[in-house]
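> curious how this folds, go ahead:
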Amino acid sequence: MTDTLHRTSGPLTGDTIWYDSPDLEHANSMSAGSAIAHLGIELTELGADHLVARMPVDDRTRQPFGILHGGASVLLAETLVSAAATFVVPPGKMCVGMEINANHLRPVTSGWVTGTARPISLGRRTQVWEVRIVDDHDKLVCISRCTMAVIEAP
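Residues are numbered from 1 along each chain as shown. Got it, this is the predicted structure:
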């Protein structure tokens, strides 16, 4: 038996990995007052197999040397994966982070960075996602991988 997540649509049975039709506007509004909103992170695009968000590179997200803080990049990646993982599971389930890593590849001093989350594995109990973060010139800034646990919602 495979460890494939049961859903009403997906790569094998439809044209999307999402359980339902996620509402990005609602997801963004739920971030009000959180670290996500404070850093200016916003979910911007939902594709058939990916979720995109952007974050400004400004005084909120730069470290003292004037470049994008690695922790801010990790927060962007974690935000993307948490939302995407939640959008994949059926009602009654939720996802929590188990592990995240990030490789910071290029400094950014201003503008925006954009992250794209894509699944590597969507299992019944665990999910693994990759996030690629690029700058305004589509140069790779950071690559991250995050493992999520699928659990019963309280």
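
> and for residue 20, the neighbour number?
Using other Cβ atoms under 10 Å, residue 20 has 13 neighbouring residues. Just so you know, the C-beta spots here come from the backbone N, C-alpha and C atoms, and that holds for glycine as well.

> residue 63 now?
12.

> which SSE is immediately downstream of the longest helix belonging to the chain?
Longest helix of the chain, by residue count under DSSP state H: helix 70-88. Scanning forward in sequence from helix 70-88 by DSSP states H and E, the next helix or strand is strand 93-104.

> and the angle from that following strand to helix 70-88?
Interaxial angle of strand 93-104 relative to helix 70-88 (axes from the mean of the first three to the mean of the last three Cα atoms, to 10 degrees): 150 degrees.

> can you name the element that comes right after strand 93-104?
strand 112-122.

> avg pLDDT for that following strand?
Averaged across strand 112-122, pLDDT comes to 98.

> list the strands paired with whichever helix or strand comes after it, with their directions.
Sequence-wise, the next helix or strand downstream of strand 112-122 (DSSP H and E) is strand 126-134. Using DSSP bridges, strand 126-134 pairs in its sheet with strand 112-122 (antiparallel), strand 140-152 (antiparallel).

> so what's residue 102 up against?
70, 73, 74, 77, 142, 143, 144 (Cβ atoms under 8 Å, 6 or more residues apart in numbering).

> write the ChimeraX selection for whichever of those residues are buried.
Typed into ChimeraX, the next command selects the buried ones out of the contacts of residue 102 (criterion: 16 or more other Cβ atoms under 10 Å):
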select :73,74,77,142,143,144
